[in-house]
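> quick one: sequence and predicted model below, then my questions.
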Amino acid sequence: MAEEVTKSIYDITVKDMNGNDVNLSTYSGKVLLIVNVASKCGLTHSNYKEMNVLYEKYKDKGFEILAFPCNQFAGQEPGSNEEIKEVACTMFKAEFPIFDKIEVNGKNAAPLYKFLKTQKGGIFGDGIKWNFTKFLVAKDGKVVERYAPTTSPLKIEKDIQKQLEA
């Protein structure tokens, strides 16, 4: 059986923190920043802080951040969904959606990440290198840009504005 070809991010269904299916078509027409997150990474504090700033500023203008916890990098997201929610929502005050923990690399990589990587490969091949790799998705569901883990979310703001105005 051949793997079905995903044409758009809106063909993909993911799970929320409670295990419920969420079809990404729910976000059709919005500009998305998709990020693989971790609670215990050196980049965690600054990324959550800056993503909150962007979210607060643009959430009413058609912008959404989708965070996917992942434990594939130095075991920096070892907790359960409840523990992850505690860190993200209580400690870091994240209001944007945080989904079920997934894998972003390897044979068990989530379909969403397989799709993102085929759309925008990284400098060193397609694999996700670390926590907080960011993908910017246009309103039509096409991946427009991929950013390194060390790229600060606020540095992406101009690109987000450009997509919101498109």
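Great, that's in hand.
> K134 bridge partners, please.
V35, Y147 (DSSP bridges).
> and it, what is it in contact with?
L33, I34, V35, R146, Y147, P149, T151, P153, I156 (CB atoms under 8 Å, 6 or more residues apart in numbering). Just so you know, the C-beta spots here come from the backbone N, C-alpha and C atoms, and that holds for glycine as well.
> for those, give me CSV that also has distance to V104, neighbour count and pLDDT.
Putting those into CSV (distance: CB to CB, whole Å; neighbours: other CB atoms under 10 Å; pLDDT from 0 to 100) gives the following:
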residue, distance to V104, neighbour count, pLDDT
L33, 15, 25, 98
I34, 10, 24, 98
V35, 10, 24, 98
R146, 12, 20, 94
Y147, 14, 20, 95
P149, 12, 19, 95
T151, 17, 16, 96
P153, 18, 23, 98
I156, 19, 19, 97
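> could you measure from the closest residue to G19 other than its chain neighbours over to I160?
Excluding its sequence neighbours, the residue lying closest to G19 (CB to CB, 6 or more residues apart in numbering) is D100, at 6.6 Å. According to CB to CB, to the nearest Å, D100 and I160 sit 25 Å apart.
> out of those two, which sits in the busier spot?
Neighbours per residue (other CB atoms under 10 Å) separate D100 from I160, with I160 holding more: 22 against 17.
> test my guess that the more buried one contacts E50.
No - the pair I160 / E50 is not scored as a contact, 11.7 Å apart, by CB atoms under 8 Å.
> could you point out which element follows the helix or strand that M51 is a member of?
Under the criterion DSSP states H and E, the helix or strand holding M51 is helix 44-58. Next helix or strand after helix 44-58 toward the C-terminus (DSSP H and E): strand 63-69.
> what about stretch 114-122, average pLDDT?
Regarding stretch 114-122, the rounded mean pLDDT is 82.
> in that stretch, what counts as buried?
Of all the residues in stretch 114-122, those buried under the rule 16 or more other CB atoms under 10 Å are K114, F115, L116, K117, Q119, K120.
> try stretch 155-166
By neighbour count with 16+ other CB under 10 Å, stretch 155-166 contains the buried residues I156, I160, Q163.
> closest to P78 out of those residues?
Nearest to P78 among those is I156, at 27.7 Å by CB to CB.
> using the three-state scheme, assign that closest one.
Using DSSP: H, G, I helix; E, B strand; the rest coil, the three-state assignment for I156 comes out as helix.
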